[in-house]
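A.B. asks: The sequence and its predicted three-dimensional model are supplied below.
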Amino acid sequence: MMEPRNMSTVTEFILLGIPFLYDFHRVFFVVGLFMYLVTILGNGFILIIVAMEPRLQTPMYIFLSNLAFLEICYTSTVVPKLLQTFIETKTTICFHCCLTQGFFHFCFGTTELFILTAMAFDRYLAICKPLQYPIMMSKQVCLHMSLATWYAAFVIIFFHYFMVWRLPFCGSNVVDSFFCDIGPLLSLACADTHFIESLRLFTVAFVIVIMTLLLMILSYVFIIATILRIPSAVGRKKAFSTCTSHLVVVSILYGALVFMYVRPNVQSSDHLTRTVAVLNTTLTPMLNPFIYTIRNAEVKKAIQNAMRKKKGTLN
């Protein structure tokens, strides 16, 4: 049975960061800072261009704006503290700050998976049911779906971290991670955490990762089947091009998540797992804006329109 939180004697935690790459910490600090700034600027650019350009204020880009905002929040919960571990030999974080960091990290990450699932459903309706699409995926429905993803993620993760918050921490305060991950925290608790660990494994690996992945795969099975029935090669290419960016992002993200949370014998290659976790936290959010904009004709037109408007204002 869990003890109440007020019996805890731990007031702060020590984050180990990435000790097996200690000799390269200065290099990783520079690279990490650069990637973080690019992430903020790239995703911020998507938010600004969608807000400025009326033609981009459609369900697809509303979801994309949610995703861009999530990427900024997701990296901001972890990367600043990660950068601190690269320049300090001992990085501490207060008890409440640690739980808050972990909660928001997983809350934003879970919301991102739900948003990506909603985007797959949006593409399914747009390609498989084009006549009903304007009615079934109106702006109001899109906004409701976006809010539902945030709410669902908040409830799921809050329930987990509420149980962790009530655990007593009276021994070691060294967190073997670069952020306040729930797994390393549970290993420090002075109480039986078997129930919480089992619940976490079921929720993260099955409900959040596997179920959302299966829903996206199902959506794309119908999408690909519909595209293959299009008689024109140009039509097939145009239809598939609307899904390419989403598919690339999903492949990168879920590849990392399955490697970290779902594969067997996770503990057997802890160094590799932690490296993948760092890349998933820093590299993926940085790449997403480029993946969604480089080959996107609508975004390019919106940028050109915004530049013409700016020139007209200056003149």
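C.D. replies: Yes, it's here. Numbers count the residues shown, from 1 in each chain.
A.B. asks: any idea how far Ile135 lies from Pro59?
C.D. replies: Taking CB to CB, to the nearest Å as the measure, Ile135 falls 12 Å from Pro59. For the C-beta atoms, the positions are set from N, CA and C on the backbone; glycine is no exception.
A.B. asks: the more surrounded of these two?
C.D. replies: More neighbours surround Pro59 than the other of Ile135 and Pro59, with 23 against 10 (other CB atoms under 10 Å).
A.B. asks: Grab the nearest non-local neighbour of that one.
C.D. replies: Once flanking residues are discounted, Pro59 sits nearest to Cys142: 4.0 Å by CB to CB, 6 or more residues apart in numbering.
A.B. asks: Surely that neighbour forms part of a helix?
C.D. replies: Yes. Assessed with DSSP: H, G, I helix; E, B strand; the rest coil, Cys142 lies in a helix.
A.B. asks: Low-confidence stretches in the protein?
C.D. replies: For the chain, applying pLDDT under 70 flags the ranges 1-8, 261-271, 295, 306-307, 309-315.
A.B. asks: Output the longest helix belonging to it.
C.D. replies: Ranked by residue count and defined by DSSP state H, the top helix of the chain is helix 95-128.
A.B. asks: Tell me the helix or strand right after that one.
C.D. replies: Next helix or strand after helix 95-128 toward the C-terminus (DSSP states H and E): helix 133-136.
A.B. asks: So which residues make contact with that next one?
C.D. replies: Helix 133-136 has contacts (CB atoms under 8 Å, 6 or more residues apart in numbering) with 125-126, 129.
A.B. asks: Please report the distance of the residue nearest to Pro59 from Ile115.
C.D. replies: From Cys142 over to Ile115 (counting by CB to CB), the distance is 11 Å.
A.B. asks: Show me the residue at the heart of this structure, geometrically.
C.D. replies: The residue lying closest to the centre of the chain (CA atoms, centre = their mean) is Gly109, at 3.7 Å.
A.B. asks: Enumerate every residue touching the closest residue in space to it that isn't next to it in sequence.
C.D. replies: Nearest non-adjacent residue to Gly109, counting by CB to CB, 6+ apart: Tyr74, 5.9 Å away. Tyr74 makes contacts with 105, 108-109, 112, 281, 285, as judged by CB under 8 Å, 6+ apart.
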